[in-house]
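*Asks:* Sequence first, predicted model second:
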Amino acid sequence: MKTNRTLALVVVLLALVALVLYLRRGEGTLKEELSDFAVPDTGAITRVFIASKSGQEVTLEKQHPGRWIVNGTSRANNDMVNTLLETLHSMDVRSPVAKAAYNNVMKKMAATAVKVEIYRGEGDNKVFYVGHETQDQYGTFMYLEKSSVPFVVHIPGFDGYLTPRFSPVAGSWVPNVVFDHGTAEIARLHCDNRAEPASSFEIRAEGDGFVVAASPGGEPVEGVSQNKVNSYLEYFGKLYYEFTAKDLPDEKLDSIRATEPFLVMTLDSRDGGHRTARMFRMPRQKSDEELLEMGIVNNKPYDTDRFYVQIDDDARMHAAQYYVFGKLFIRPASLMDNGPAGGS
C-alpha cells in the first residue's frame with residue numbers, strides 16, 4: 001500500500017514538473033515573427049537582393065526555373081544559386097543569442113551584416129540580416145527586419161557557417177564565363193574592332209537565318225554563308241576567361257581601363273539578355289632579352305599569350321588566352337561564301 005502511495009506521489013510530482021516545463025516553454029518559445037528565417041518553398045522565389053553596409057549590392061532574378069540573372073545582365077552561376085536556395089530552405093534557428101553576448105553581437109552586425117531581401121510574389125517578401133560566424137564556426141548570427149533579437153542560425157548536419165553564401169559582390173555570382181550562348185539563343189552580335197575599324201561587323205538574326213552588316217543596324221551585305229555564320233556563332237558557347245586579376249593595384253587597373261580596348265563584343269540574346277566584353281591588351285611582363293632567353297620572339301608591345309577582358313559593368317579585369325578566344329577575332333570577309341578564313 002505504501003509502495004502504491006509512493007508511486008502515485010512520484011507520478012503526481014512528475015506531472016507537476018512536466019506542467020511547469022510546458023508552461024515555461026510556452027513563455028519562452030521563440031516567436032515565429034522573430035525567428036522565421038527559412039523559406040520552405042524556394043520554388044516560389046522570384047528575386048533575391050543582397051546589400052552590404054559598404055554599398056555593394058547584387059540582385060538575382062529568376063527568368064525561368066534553372067536560369068537566373070545577376071543585376072539584370074549576366075547569367076548567374078547555377079551552382080551558387082542552387083546553394084543559396086538550399087540554404088534558404090534548410091537553415092534553422094539553433095538558439096537565441098545569449099544575453100551576455102547580445103551587445104557585442106549587435107554591435108558587430110550593425111557594422112558588417114548584409115541585408116537580404118527575398119521576394120516570392122507581389123508584396124510577399126522576407127527581409128533579414130546575415131552577420132558573422134559564431135566562435136565555433138558552426139553557426140551564423142542573423143536577425144529579421146523589425147526585430148532586434150539576434151539568433152544563431154545553422155543548417156542541421158552542416159559543419160560550417162553561412163555568411164559566404166550571401167555574398168553582396170555581383171562578380172562572385174557570375175561564373176568565369178565570358179560568353180555562354182548557343183547559336184539559337186543569339187539575336188544580335190556586334191563586333192566593334194577598335195584596332196581595325198574596317199573589320200567591325202554585326203550579325204543579326206533575321207527570318208530563319210542570320211544577316212551580316214558592316215555596322216549596327218546597317219544594310220545586310222550580300223554573299224553571306226549561313227553555314228559559316230552558324231559555325232562562327234557556335235564559338236560563343238562556353239567561353240571562359242582564365243582567372244581574375246585580383247593582385248593588380250588600383251592604379252594599374254585605372255591605367256588599363258584608360259586605354260582603348262582593341263575589341264568590344266556585344267551580344268544580345270533572344271530572351272532579352274545582354275552581354276558586353278571589352279578586351280584590352282595586356283602589357284608585356286618581360287623584356288626582349290628575357291623572352292629571347294625563353295626562346296620567345298615577341299616584337300609587339302603587348303603580351304601575345306593573354307589579354308584582359310572586362311565584362312558588362314563589372315570593374316574587375318580578367319585574364320583570357322588568345323589561344324581560346326582567337327577564333328572570335330575574324331574579319332567579316334571570313335563569313336562570305338567565297339571568303340578566306342583567318343582572324344584579325
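*Replies:* Right, received. Where do you want to start?

*Asks:* alpha carbons only for contacts and neighbour counts from here, please
*Replies:* Will do.

*Asks:* Okay, buried residues for stretch 325-340 please.
*Replies:* Across stretch 325-340, burial judged by 16 or more other C-alpha atoms under 10 Å covers Phe325, Leu328, Phe329, Ile330, Arg331, Pro332, Ala333, Ser334, Leu335, Met336.

*Asks:* And for stretch 247-261?
*Replies:* By neighbour count on 16+ other C-alpha under 10 Å, the buried set for stretch 247-261 is Ile256, Arg257, Pro261.

*Asks:* Please convert these to CSV, extending it with secondary structure and pLDDT.
*Replies:* Converted to CSV, those look like this (DSSP: H, G, I helix; E, B strand; the rest coil; pLDDT from 0 to 100):
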residue, secondary structure, pLDDT
Ile256, helix, 84
Arg257, helix, 83
Pro261, coil, 95
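
*Asks:* Can you tell me which of these is nearest Met142?
*Replies:* The shortest approach to Met142 among those belongs to Arg257, at 38.9 Å (C-alpha to C-alpha).

*Asks:* Any idea which residue is closest to the centre of the chain?
*Replies:* Residue closest to the average C-alpha location in the chain (C-alpha atoms, centre = their mean): Trp173, at 1.1 Å.

*Asks:* hang on, it packs against Thr73?
*Replies:* No - with contact defined as C-alpha atoms under 8 Å, Trp173 does not reach Thr73; the gap is 11.9 Å.

*Asks:* what distance separates the start and the end of stretch 166-186?
*Replies:* Using C-alpha to C-alpha, to the nearest Å, the end-to-end distance of stretch 166-186 comes to 31 Å.

*Asks:* Sketch out the helices for the stretch 151-300 of the chain, chain order is fine.
*Replies:* Here the stretch 151-300 of the chain has its helices, by DSSP state H, counting those that start in this stretch, at 226-233, 250-258, 288-293.

*Asks:* Which of the ones you listed sits closest to Val114?
*Replies:* helix 250-258 (25.1 Å).

*Asks:* and the protein, what are its domains?
*Replies:* 32-173, 177-335 (automatic domain parsing).

*Asks:* residues making contact with stretch 54-67?
*Replies:* Contacting residues not belonging to stretch 54-67 are listed as 45-51, 68-72, 75-76, 78, 168-170 [C-alpha atoms under 8 Å, 6 or more residues apart in numbering].

*Asks:* Which ones among those lie within helices?
*Replies:* Within those, residues falling in helices by DSSP state H are Asn78.

*Asks:* filter the contacts of stretch 54-67 to the buried ones?
*Replies:* Buried among those (16+ other C-alpha under 10 Å): 45-51, 68-71, 75-76, 78, 168-170.

*Asks:* Which residues are in contact with the residue nearest to Ile69 when sequence neighbours are not counted?
*Replies:* Among residues not flanking Ile69 along the chain, Arg75 sits closest, at 4.3 Å (C-alpha to C-alpha, 6 or more residues apart in numbering). Residues in contact with Arg75 (C-alpha under 8 Å, 6+ apart) are Arg67, Trp68, Ile69, Val174.

*Asks:* Swap in 10 Å and give it another go.
*Replies:* Contacts for Arg75 (C-alpha atoms under 10 Å, 6 or more residues apart in numbering) come out as 60-61, 63, 67-69, 173-175, 177, 179-180, 273-275.

*Asks:* Over to Ala258?
*Replies:* Neighbours of Ala258 in contact, by C-alpha under 10 Å, 6+ apart: Lys252, Phe280.

*Asks:* measure it to Gln310 for me?
*Replies:* Applying C-alpha to C-alpha, the value for Ala258 to Gln310 is 12 Å.

*Asks:* same check, this time on Thr87
*Replies:* Distance from Thr87 to Gln310, by C-alpha to C-alpha: 31 Å.

*Asks:* what does Asn125 give?
*Replies:* Between Asn125 and Gln310 the distance is 34 Å, computed by C-alpha to C-alpha.

*Asks:* What of Thr183?
*Replies:* Taking C-alpha to C-alpha, one finds Thr183 at 23 Å from Gln310.

*Asks:* for Gly223, same thing?
*Replies:* As judged by C-alpha to C-alpha, Gly223 and Gln310 stand 34 Å apart.

*Asks:* for Gln226, same thing?
*Replies:* Distance from Gln226 to Gln310, by C-alpha to C-alpha: 30 Å.

*Asks:* and what of Thr83?
*Replies:* 26 Å.

*Asks:* Looking at those two, which has the bigger crowd around it?
*Replies:* Gln310 (21 against 13; other C-alpha atoms under 10 Å).

*Asks:* I'd say that one and His318 touch.
*Replies:* Yes - counting by C-alpha atoms under 10 Å, His318 is a contact partner of Gln310 at 6.4 Å.
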